[in-house]
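> Predicted coordinates and the sequence they were generated for:
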Amino acid sequence: MNEDKSDPAGTAGGLAPQPRPRRPARNAIVYNSAFAKNGPVVNASLLSFIRLIEQRHESVLRATRDPVRSDRLARSLVSLRLAQDFLEKGELNSLYPQHPPQVAVIGPTQAGKSSVTNLLIGTEVARVSPLAGFTVHPQGFALSAGDSGWADIYFGSGHRHTLDTLPAGNYDAYALEPVGIEAHRLGSAVIWDTPDFDSVDADAYRASVLRTIALADVILLVVSKDKYADQSVWESMRALEPLGQPTVVCLNKVPVESTATLIRSLEEKWRGVRGDTPAPILVLPYVDDWDQGCPAALEKKADQLRELVSKGIVRMERGRHRERASALVRLHWPDWTAPIRIEHDALAEWRQLVESATAGALTIYERDFLDRPQHYETFQRALAELLTLLEIPGVARAFLTARTVVTWPVRQLTRLGKSLSGHKGDISQEITVLQQATDHLLVHLNETVLEKSETSGEMRAWWRDIAQVLRRDRRIQGEQCHAAIAAYHRAFQPEIESTARQLYERLREHPAILNSLRATRVTTDAAALAVALHTGGIGVHDFILAPAILSITTLLAEGALGHYLKRAEVELKQRQRQAVSELLNRQLGANLLRLPERLESADRFNVPAEALQAAEALIAPHA
């Protein structure tokens, strides 16, 4: 049989789309109460996830400028769409278990699909044209009249047309027309004439080809002697193997002398890409004038073709659809999710970097403040609080005055100490260390990210964007950190006061020591220094080095309270470390962890790891 549909521009790609494929929008199957009773909920959830990652593949493909990545995404889109359509065929099986057998006539351009469709049906219903790419919509021919509501469910309501009203340029449409042939060999089957899958223009309507293939219970592959060996044909047949559809091959336009050789070659091609038994092959001779010579010459061939397709219909197994859909999903799952996992790995690495950086800042804080006696000042503040709680006779009036105004003598007494020590008054050493630690954290993090932006393969651009945001916002982040540090320092004061009260209560259990402290001039001097510390008259450094304070500290440490005093200091450090750890993780770490959310997302999948894990749990029981 000869159907002259020339392809002057050549062929491209089989079912694999060219970059930036266009896919028509269509309605999805509605999951109503009937489905809930008849269809597996697992498939519905899995279908939702596949729709999600298909949409994300489309979005990323539109945004990417990397040709290698574009090609990989485009190929994944083919199998994603096929899987989505095949899962929806399963839902159609549940909603309309008795819908007619579906036969899809597929093949490359110039193969003669429309002519073979007419031969199979036995009448001229499919339109034949010498123009390449003439058929651009799925065209179904129902051999017997009946309910066609299943088509609206599968293809989406509002997209059905007659052959005469199929809209040019709008590929989100199909035709389904009754043929009304009584007692046809194929019973009530619907025969679909489909667009080619390999021409230059096939990108535009390839989605409809995939959708019709997924609907099919039987595949009739039509190839000519010139196209049967094309890579596009066998890539397509390899992709369809998991669907388990009975298949018939029609080798069209074959000279008689070449028949045996072409059949052997075709079977070898089949075995080279598929693991099942080669499909039965029907050879149709090349006929020069179809209008004049084909009907009579090919009547016997037509009967043989109907017999082969009829056997395929008998062998269709809709009951195994779920099993085959699961196999299809498992087959392609690694390719579909590979770019998503790359993103997840990058996010996990970013999380590790942030956590490592905050842990490093905490280590600096411990080393340079908590574990360095000459810098650790917090417990001395607790001692100052303790001294103000002692209510030492003779200094109450001085306390009252000092709380409102720092006296000139106190200022003069501490000026010398400040000048000798270089201490900056009441600026806390803890604040200084924390600010230096967080500044170091941001600098180190930015350097690490810049290095990754040069070495991280497919995610280089992502790391580069992270580095740009870090660099742009570094000053603001630093200011926010410093403000949070100051707020923490003020908020920790109740912990210091709590430690002082605990020490005071323990002193009250030792009245002899308490009375001894109250009775000494050293204590009075220390209490006055404590008041000066509270009111800003001296800094913590000067307070610690004052002879009176050293004497009090020595007296307490060497007395009966020495062990308790040490434990109180250790417990205060532990609470302080915990508070700073929470500060670093809450203020700096949390903000940094949210930073990827601010990146441009057009070329990102942004599929939550939890969603991926949930989807994998759905397919795991079938693995």
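Arrived safely, thanks for sending.

> Give me the neighbour count for E571.
Neighbours of E571 under the rule other C-beta atoms under 10 Å: 13. Where C-beta positions appear, they are placed from N, C-alpha and C, glycine not excepted.

> quick one: pLDDT of it?
We note a pLDDT of 93 for E571 in this prediction.

> quick check, distance from the helix or strand encompassing it to the centre of its chain.
In the assignment (DSSP states H and E), E571 maps to helix 562-583. From the chain centre to the centre of helix 562-583 is a distance of 42 Å (C-alpha atoms, centre = their mean, to the nearest Å).

> residues of it that come out buried?
Judged by neighbour count (16 or more other C-beta atoms under 10 Å), helix 562-583 contains these buried residues: 564-565, 568-569, 572-573, 575-576, 580-581, 583.

> Out of those, flag the one nearest to D368.
Among the buried residues of helix 562-583, V580 lies closest to D368 (C-beta to C-beta), at 12.1 Å.

> Distance of the residue nearest to that closest one when sequence neighbours are not counted relative to E307?
Nearest residue to V580, sequence neighbours excluded (C-beta to C-beta, 6 or more residues apart in numbering): Y365, at 5.7 Å. Computed with C-beta to C-beta, to the nearest Å, the distance linking Y365 and E307 is 84 Å.

> swap in I466?
64 Å.

> The two: who's more crowded?
For I466 versus E307, the count of surrounding residues by other C-beta under 10 Å is larger for I466: 25 against 15.

> Would you mind giving the secondary structure of the closest residue in space to S265 that isn't next to it in sequence?
The spatially closest residue to S265, leaving aside those adjacent along the chain, is A229, at 7.0 Å (C-beta to C-beta, 6+ apart). Under DSSP: H, G, I helix; E, B strand; the rest coil, the three-state class of A229 is coil.

> any idea of the pLDDT on A229?
Listed pLDDT for A229 reads 85.

> and it, how many neighbours?
There are 14 residues near A229, going by other C-beta under 10 Å.

> contacting residues for the spatially closest residue to P167 that is not a sequence neighbour?
With C-beta to C-beta, 6+ apart as the criterion, P167 has its nearest non-adjacent residue at 5.6 Å, and that residue is A173. Listed by C-beta atoms under 8 Å, 6 or more residues apart in numbering, the contact set of A173 reads 137, 159-161, 166-167.

> go on, Q587?
Q587 neighbours (C-beta under 8 Å, 6+ apart): 480-481, 484.

> same thing but 7 Å
481, 484 (C-beta atoms under 7 Å, 6 or more residues apart in numbering).

> thinking again about what came up before, quick one, phi psi at the residue nearest to P167?
Torsion angles at A173 (phi, psi; degrees, to the nearest 10) stand at phi -150, psi 160.

> any idea how far it is from F134?
From A173 over to F134 the distance is 15 Å, taken as C-beta to C-beta.

> And A126, by the same measure?
According to C-beta to C-beta, A126 and F134 sit 10 Å apart.

> The two: who's more crowded?
Higher neighbour count among A126 and F134: A126, with 23 against 15, using other C-beta under 10 Å.

> State whether that one is indeed within a strand.
No - according to three-state DSSP, the state of A126 is coil, so it is not within a strand.

> do you know how far it is from P195?
12 Å.

> just A302 next, same as before
23 Å.

> out of these two, which sits in the more crowded spot?
Taking other C-beta under 10 Å, A302 and P195 do not tie; P195 has more neighbours (24 against 20).

> hang on, isn't A207 packed against R81?
Yes - using C-beta atoms under 7 Å, A207 makes contact with R81 at a distance of 6.2 Å.

> For the stretch 301-450 of the chain, give me the ranges with low pLDDT.
For the stretch 301-450 of the chain, applying pLDDT under 70 flags the ranges 390-427.

> Likewise for the stretch 151-300 of the chain?
In the stretch 151-300 of the chain (pLDDT under 70), the answer is 199-202, 287-297.

> Do a quick rundown of the strands in it.
In the stretch 151-300 of the chain, the segments counted as strands under DSSP state E, counting those that start in this stretch are 160-161, 174-178, 190-193, 218-224, 247-254, 281-285.

> got the contact list for the residue nearest to V222 when sequence neighbours are not counted?
Excluding its sequence neighbours, the residue lying closest to V222 (C-beta to C-beta, 6+ apart) is G107, at 3.8 Å. Shown in contact with G107 (C-beta under 7 Å, 6+ apart): 113, 196, 221-223.

> Let's see that with 8 Å instead.
With C-beta under 8 Å, 6+ apart, G107 has these contacts: 113, 196-197, 221-223, 227, 233.

> Would you reformat these as CSV and include distance to L599 and neighbour count?
As requested, the contacts of G107 are arranged in CSV below (distance: C-beta to C-beta, whole Å; neighbours: other C-beta atoms under 10 Å):
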residue, distance to L599, neighbour count
K113, 47, 30
D196, 41, 27
F197, 37, 27
L221, 46, 25
V222, 48, 30
V223, 47, 29
K227, 46, 22
V233, 42, 26
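
> could those residues go into TSV alongside distance to A491?
Listed next are the contacts of G107 as TSV, based on distance: C-beta to C-beta, whole Å:
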residue	distance to A491
K113	76
D196	71
F197	67
L221	74
V222	78
V223	77
K227	77
V233	72
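
> quick one: the closest residue in space to I466 that isn't next to it in sequence and A361, what's the gap?
Leaving aside its chain neighbours, I466 sits nearest to V449 (5.2 Å; criterion: C-beta to C-beta, 6+ apart). In this view, V449 and A361 are 16 Å apart by C-beta to C-beta.

> who's more crowded, the two?
More neighbours surround A361 than the other of V449 and A361, with 27 against 22 (other C-beta under 10 Å).

> The more buried one contacts N585, doesn't it?
No - using C-beta atoms under 8 Å, A361 makes no contact with N585, being 10.1 Å away.

> Regarding this protein, what is its longest helix?
helix 321-365 (DSSP state H).

> Check which helices and strands it sits against.
Contact partners of helix 321-365 among helices and strands, from 3 or more C-beta pairs under 8 Å, 6 or more residues apart in numbering; DSSP states H and E: helix 41-63, helix 67-95, helix 429-455, helix 460-491, helix 562-583, helix 590-593, helix 609-619.

> Could you dump these into JSON lines with distance to P242 added?
Output for these, formatted as JSON lines (distance: least, C-beta to C-beta, whole Å):
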{"stretch": "helix 41-63", "distance to P242": "14"}
{"stretch": "helix 67-95", "distance to P242": "9"}
{"stretch": "helix 429-455", "distance to P242": "37"}
{"stretch": "helix 460-491", "distance to P242": "33"}
{"stretch": "helix 562-583", "distance to P242": "52"}
{"stretch": "helix 590-593", "distance to P242": "40"}
{"stretch": "helix 609-619", "distance to P242": "13"}
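
> winner for burial among these?
Most buried of these, by mean neighbour count (mean count of other C-beta atoms under 10 Å): helix 67-95, with a mean of 20.

> Mind listing the strands the helix or strand following that one pairs with, and their directions?
Beyond helix 67-95 on the C-terminal side, the first helix or strand identified by DSSP H and E is strand 102-106. If you go by DSSP bridges, strand 102-106 pairs up with strand 190-193 (parallel), strand 218-224 (parallel).
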